[in-house]
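Student: the following comprises the amino acid sequence and a computationally predicted model.
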Amino acid sequence: MDKDTIVKLAEIVDTAAMNAEPIEMLTASYPELDLERAYDVQRASMARRFNRGEKLVAMKMGLTSRAKMEQMGVHNPIYGHLTDEMMRSNGDAIVRSEHCHPRVEPEVAFILGKDLVGPVTSAEALDAVEWVCGALEVIDSRYKDFKFTLIDVVADNASSTRFFLGETRKRPEDLDLGNLGMVMELNGKVAETGSSAAILEHPARSLAELANMLAERGEKLVAGQIVLAGGATKAIHVDTGDHVHLTVQDLGTVDLFVE
Ligand code: OOG
Ligand code: MG
């Protein structure tokens, strides 16, 4: 697959995201698209955002829990890029019309105090973490019916669209990071419960995997970057008027509204 095709596919996913108009899977028309080229498409779509003035502030891991893998039918962890334009403050609203079919998932996020260059172990990855906080991620596949293959979801920047960090920040050593209880409520009713243990058995492993996947491309995580470790439970559909409230053990709460 040549550079022009990569750029063209990036334009297709980026335009779908901007217009909130679902598209057919790229692999339906481009069966030769492979995983490495799909990450090229993801980077080319990010380049379009950077050209519009967006800044990279965070990275995310996805499909790191069994619940998520089973919900989506894709069983390999993936990563995506998150910009300042995707970041919202605790208690903010997302705008329903800006999204194709938004879903929300409970996560744990890291803020790095040091650069992190793979290959690393989980312990080495954790050593680069300055703060841990609770997070809600809004995902919005640009593909029709929220259905995709591994390659398609990678090209679509791992369905990234918005993310919210909790205001409570703790040092990793002050938490039972490998087993933090999480409760996600939708409109006052418990929708999903889980534990950070669901995230590759320990969220630090997800961070290490990310550093290791980036290292394969000669890339690294940098001090100050945020990393979302991946949804601990299934994602839930949201619509106009909804309120999602996440509680993470020892990490306070995160609230999101849909308008
Ligand atoms: C892909 C993104 C998955 C996670 O935390 O597992 C993800 C998707 O489910 O659309 O962000
Ligand atoms: Mg996620």
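Tutor: That came through fine. Ligands and ions are numbered 1, 2, ... in the order given.
Student: identify the residue spatially nearest to Leu150, adjacent ones excluded.
Tutor: What sits nearest to Leu150 in space, not counting adjacent residues and going by Cβ to Cβ, 6 or more residues apart in numbering, is Val74, at 4.9 Å. From N, CA and C alone the C-beta is placed, and that goes for glycine too.
Student: distance of that neighbour from Leu63?
Tutor: Distance of Val74 to Leu63, given as Cβ to Cβ, to the nearest Å: 6 Å.
Student: same thing with Met69?
Tutor: Distance, Met69 to Leu63, using Cβ to Cβ: 5 Å.
Student: and if you look at Leu112?
Tutor: For Leu112, the distance to Leu63 equals 22 Å [Cβ to Cβ].
Student: in this protein, which spans are helices?
Tutor: Assignment of helices within the chain using DSSP state H yields the ranges 3-19, 26-29, 35-51, 66-72, 122-127, 150-155, 203-215.
Student: is it possible to get CSV of these that adds mean pLDDT and distance to Gly241?
Tutor: Output for the helices of the chain, formatted as CSV (pLDDT from 0 to 100; distance: least, Cβ to Cβ, whole Å):
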stretch, mean pLDDT, distance to Gly241
helix 3-19, 98, 23
helix 26-29, 98, 33
helix 35-51, 98, 29
helix 66-72, 96, 24
helix 122-127, 98, 39
helix 150-155, 98, 28
helix 203-215, 98, 32
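Student: nearest to Leu177, of these?
Tutor: Checking the helices of the chain against Leu177 by Cβ to Cβ gives helix 203-215 as the closest, at 6.1 Å.
Student: save the helices of the chain as a markdown table, and put in mean neighbour count too.
Tutor: Below are those laid out as a markdown table (neighbours: other Cβ atoms under 10 Å):
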| stretch | mean neighbour count |
| --- | --- |
| helix 3-19 | 17 |
| helix 26-29 | 16 |
| helix 35-51 | 19 |
| helix 66-72 | 17 |
| helix 122-127 | 17 |
| helix 150-155 | 25 |
| helix 203-215 | 23 |
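Student: between those, which one is closest to Glu98.
Tutor: Distance to Glu98, taken as Cβ to Cβ, is lowest for helix 3-19 among the helices of the chain, at 9.1 Å.
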